[in-house]
Structures are given as structure tokens and as C-alpha cells.
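1. how does the following fold in three dimensions:
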Amino acid sequence: MGIEKRGFASMESTRLKELSGQGGRKAHALGRAHKWTREEARAAGLRSVAQRRLRKAQAEAAAKNDAETVETVEGDVETEPVAKREESAA
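-> Next comes the predicted model:
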């Protein structure tokens, strides 16, 4: 008993393309579709690149902080009693 394709997955690719095209034409005819201008597409692309660079920088910073934290935790040994630290903080 295998998994059977249902709905759009069971259609032939040519029929699926025909249906998609009809939907696109209908949306444009009704004024509900959006046609990107060259300027809009460029601005969207630049925003996408900026977001990708920001996420990459944040991931690198987080990885660097994690690496520094691990080194600090492994390298440090607390020799000062907790009570003494609390007195010096007050």
C-alpha cells in the first residue's frame, strides 16, 4: 500500500501549467495581481541581500560569543568564596 498522489500532485504538468496560467490571467483581469516594476524588483532584491548579510553577521557573532564563553568557562577556576564576592559587590 503506497502513497497515492492526490489533487494537483496527480495532474500532468501540462494541465497544471494551463490551470496556473488561467489563474494568473484572471487575477490580472480583476486587478488583484501585482506586476513588479524594475525599480520595485531591484529594491526588493537589495533588501533581501541586506537581510541575508545581517543574518550571517549575527550568526558569526553568536558563534564567536559561544566560542569565547566555552574558553572562559573551561579556563577559569573560581577561587574566591561566594560570600566574599557578595561583600565586595555591596
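2. can we go C-alpha only for contacts and neighbour counts from here?
-> OK.
3. what about the helix or strand that Ala41 is a member of, distance to the chain center?
-> Using DSSP states H and E, Ala41 sits in helix 38-75. When C-alpha coordinates are averaged (Cα atoms, centre = their mean, to the nearest Å), helix 38-75 and its chain have centres 11 Å apart.
4. could you give me the buried positions within that helix?
-> Within helix 38-75, no residue is scored as buried using 16 or more other Cα atoms under 10 Å.
5. quick check: mean pLDDT across that helix?
-> Averaged across helix 38-75, pLDDT comes to 85.
6. which other helices and strands contact it?
-> Using 3 or more Cα pairs under 8 Å, 6 or more residues apart in numbering; DSSP states H and E as the contact criterion, no secondary-structure element is in contact with helix 38-75.
7. how about Phe8: what's its closest non-neighbour residue?
-> Leu16 (7.1 Å; Cα to Cα, 6 or more residues apart in numbering).
8. assign that neighbour to helix, strand or coil.
-> helix (DSSP: H, G, I helix; E, B strand; the rest coil).
9. Ser10: neighbouring residues, count only.
-> Number of residues near Ser10 (other Cα atoms under 10 Å) recorded here: 10.
10. show the pLDDT at it.
-> pLDDT at Ser10 comes out at 92.
11. just the one 4 residues further on next, same as before
-> Per-residue pLDDT puts Thr14 at 95.
12. how much space between Thr14 and Gly23?
-> Taking Cα to Cα, to the nearest Å as the criterion, Thr14 is separated from Gly23 by 14 Å.
13. between the two, tell me which one has more neighbours.
-> A direct count of neighbours by other Cα under 10 Å for Thr14 and Gly23 places Gly23 higher, at 13 against 9.
14. tell me how far that one lies from His34.
-> 13 Å.
15. do the same with Leu46
-> Taking Cα to Cα, one finds Leu46 at 19 Å from His34.
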